[in-house]
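A.B. asks: Structure for this input, please:
(3 chains)
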Amino acid sequence: MGVYIAKWQFSLDMAIVNQIPYFSEKEHTFDSIILYMDLDAFFAAVEIRENPSLAGLPIVVGGNPNTKQGVVSTCSYEAREYGIHSGMSISQALKLCPNLTMVRGSFRLYSEVSKRIMNILKHYSPIMKVAGNDEAYLDLTDIVSDYEEAKQLAIELKDDIYASEKLTSSIGIAPNKILAKIGSDTDKPNGLVVVKPLKISEFLSPLEITIIPGIGKKSSKIFHDNNITTCGDLAMIPYQLAHQKFGKTGLKTWKLVNGYNTENTDDKFNSREIKSISEERTFFNRPKDWKDIDVLIDSSIETIVTKAKKKNMNFRTITLKIRFQDFETFTRSYSLSCHVMSKKQVKEVVNMLLEEFKDKKPFQIRLLGVKISNLLKITDNQKTLTQFF
DNA sequence: TCTGGGGTCCTAGGACCC
DNA sequence: TCTGGGGTCCTAGGACCC
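C.D. replies: From the prediction side, this is the model:
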C-alpha cells in the first residue's frame, strides 16, 4: 500500500516540478476521425423554405405571436445581427428589432425533415449518433483513410442534404466529438472546418473560451475573473492550477485545450439509456384553485408514465417541481423502495410532496412539473415477476 | 424586462454503514 | 463524552445544452 502511495506521490511531484501532466500516453493518441453536422438555423430555415417571402428577413420561431410572450426557439441569421439568440424572451427580441417577424413553429414538420436528413447521414457511416433535431455525429474512422478524404465526403454530404431538402449545414471534422463540434461552430452558416490532430492547439488557441460546450455565462465569468479569455490562455497555465481553481470541469477543459483526448472511446457512439422522463408546464392563465393544479398534474403524470410504459421502464424516484410567480423555484423528490410503473403511485407521492406548499395560494403558482427517474429497463423475465406480484 | 420545455451533469450536505 | 475515514445513497439546487 505504502509503496503505491509513494509512487503516485513521486510522479505527481515530478509533474509539478516539470509542469508535465501525468496523464497516460493513451490520452494523447488520436485514431478516430469524427464528423459533426449541424443544420443552419434549422427551424427558421425550414420556415423560410416553406415560405420564400420570409427570405432575407429577421425572423424568429417560438413564442406566441399574439401575446408576444415566450422565448425564441430559433432565429434567422438576419435576426442574429440584431443580437437576438435562442432562449431570449420575445419581448426583448422585439425591443432589439421592432420589425421582427414571428413565426409559430411547425414542430411536426421539423421532426419529419430531421428524420429524412438523418437517413441521408446514415448512408455515410453506420456508426452515428443523433444529438438533436438538427445535429449528428458520424464516426468516419473506418470509412476514410485520411482527413482529405473525410473532407471530400463532407462536401458530398452537404450537397446531398441541400439537393434533397434545400437546407444548408455546417460541418466539423476532428479526432473527437467535442473538437468536431467546435470546428463546425467556428464557420457558420454553410461552413466546413477540418481540425487535424497536430493542429489542435493552433486551432483552439485564439478562440474564446466560451466556444467550448459546457462553458456558459457563469463559468466564463469565473475564467474571465482569472484573466482567461481564450482557449490559449487556459492552455498556458499549469494543469494543477486549472484543477485547483476551476475544479473537475476546469481540468477537463484544460486537457481539451492542450490537445488531450478527454473522451471515453468505449461509449463514443453508444447512445446511453435515458435517465429521466419529465413534463413541466407554465400556466397560461393563472390557476384559480387547487382543482386546476390537480388537472395539470394528472395530465403530466399521464404523459410521463405512458412514455415510461412505451420504453418498458420502471422508475423509483418521483420529483415535483414548482415555480411561483416571483420565479422562486423548488424541487422535492421522493424515492420509493422498489421500481414501479404506476400512475397511482406517482399521484400519491406528488400529493405528499405538494403538502409543503399548501399554504400558498393557487394563483401564486406559475409552473408545475413532474419527473420520474432512477429508471430501470424491464426484461421479459422481470415482467412476469411484476405480473406475479 | 422577462424569463419554454426536455434533458444531462455536477456539487454539496446529510444519513447511514463498516 | 468524544469520536476517524471511506463509501454509498438520497435530496436540493443550479449550470448548461438544444
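A.B. asks: List phi and psi for the nearest residue to residue A:287 once chain neighbours are set aside.
C.D. replies: Closest residue to residue A:287 apart from its sequence neighbours, by CB to CB, 6 or more residues apart in numbering: residue A:362 at 4.5 Å. C-betas here are computed from N, CA, C, even on glycine. With angles defined as degrees, to the nearest 10, residue A:362 sits at phi -50, psi -40.
A.B. asks: what residues are up against residue A:362?
C.D. replies: A:287-290, A:292-293 (CB atoms under 8 Å, 6 or more residues apart in numbering).
A.B. asks: And residue A:189, how far from residue A:179?
C.D. replies: Distance of residue A:189 to residue A:179, given as CB to CB, to the nearest Å: 20 Å.
A.B. asks: In terms of packing, which of those two has more residues around it?
C.D. replies: Each of residue A:189 and residue A:179 has its neighbours counted (other CB atoms under 10 Å); residue A:179 has more, 26 against 13.
A.B. asks: Now do the helices in the stretch 251-389 of chain A.
C.D. replies: Taking DSSP state H, counting those that start in this stretch as the criterion, the stretch 251-389 of chain A carries its helices at A:290-310, A:343-354, A:380-388.
A.B. asks: As CSV, those helices with mean neighbour count and mean pLDDT would be great.
C.D. replies: Converted to CSV, the helices of the stretch 251-389 of chain A look like this (neighbours: other CB atoms under 10 Å; pLDDT from 0 to 100):
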stretch, mean neighbour count, mean pLDDT
helix A:290-310, 16, 97
helix A:343-354, 17, 97
helix A:380-388, 10, 59
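A.B. asks: Disregarding residues adjacent in the polypeptide, which is nearest to the one residue in the stretch 251-389 of chain A that gets nearest to DNA strand C?
C.D. replies: For the stretch 251-389 of chain A, the residue closest to DNA strand C is residue A:335, as judged by CB to the nearest atom of the strand, at 3.2 Å. Excluding the flanking residues, the one nearest residue A:335 by CB to CB, 6+ apart is residue A:317, at 4.5 Å.
A.B. asks: Give the full set of residues in contact with that neighbour.
C.D. replies: A:333-336, A:372-374.
A.B. asks: Which members of those additionally contact DNA strand B?
C.D. replies: residue A:373 (CB under 7 Å from any atom of the strand).
A.B. asks: Most neighbours of all the contacts of residue A:317, which one?
C.D. replies: residue A:372 (25 neighbours).
A.B. asks: What score does that residue have for pLDDT?
C.D. replies: The per-residue pLDDT reported for residue A:372 equals 98.
A.B. asks: Bridged to it, which residues?
C.D. replies: Applying DSSP bridges to residue A:372 yields these beta-bridge partners: residue A:277, residue A:318.
A.B. asks: Looks like it contacts residue A:279 (just checking).
C.D. replies: No. In this structure residue A:372 lies outside contact range of residue A:279 using CB atoms under 8 Å: 9.9 Å.
A.B. asks: Excluding chain neighbours, what is closest to residue A:338?
C.D. replies: Per CB to CB, 6+ apart, closest to residue A:338 is residue A:316, 6.8 Å.
A.B. asks: Please report how far that neighbour lies from residue A:298.
C.D. replies: Taking CB to CB, one finds residue A:316 at 21 Å from residue A:298.
A.B. asks: DNA strand B contacts on chain A?
C.D. replies: Going by CB under 7 Å from any atom of the strand, the residues of chain A near DNA strand B are A:69-71, A:73, A:86-87, A:89-92, A:247-249, A:272, A:274-282, A:307, A:327, A:367, A:369, A:373.
A.B. asks: Would you indicate which residues of stretch A:98-112 are buried?
C.D. replies: Within stretch A:98-112, the residues that count as buried by 16 or more other CB atoms under 10 Å are A:100-103, A:105, A:110.
A.B. asks: Can you tell me which of the residues you listed is nearest DNA strand B?
C.D. replies: Nearest to DNA strand B among the buried residues of stretch A:98-112, with distances taken as CB to the nearest atom of the strand, is residue A:105, at 9.5 Å.
A.B. asks: That closest one: what secondary structure?
C.D. replies: coil (DSSP: H, G, I helix; E, B strand; the rest coil).
A.B. asks: ok, it touching residue A:46?
C.D. replies: No. If you go by CB under 8 Å, residue A:105 and residue A:46 don't touch, sitting 9.3 Å apart.
A.B. asks: Strands along chain A, start to end?
C.D. replies: Along chain A, the stretches classed as strands by DSSP state E are A:34-39, A:59-61, A:74-75, A:101-103, A:128-132, A:135-139, A:169-174, A:192-194, A:276-282, A:313-324, A:329-340, A:365-373, A:376-377.
A.B. asks: got CSV for the ones you listed, with distance to residue A:159 too?
C.D. replies: CSV is the format used below for the strands of chain A (distance: least, CB to CB, whole Å):
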stretch, distance to residue A:159
strand A:34-39, 13
strand A:59-61, 26
strand A:74-75, 23
strand A:101-103, 27
strand A:128-132, 19
strand A:135-139, 16
strand A:169-174, 10
strand A:192-194, 11
strand A:276-282, 38
strand A:313-324, 40
strand A:329-340, 46
strand A:365-373, 42
strand A:376-377, 40
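A.B. asks: Out of the ones you listed, which is closest to residue A:81?
C.D. replies: strand A:74-75 (9.9 Å; CB to CB).
A.B. asks: Good, we can wrap up now.
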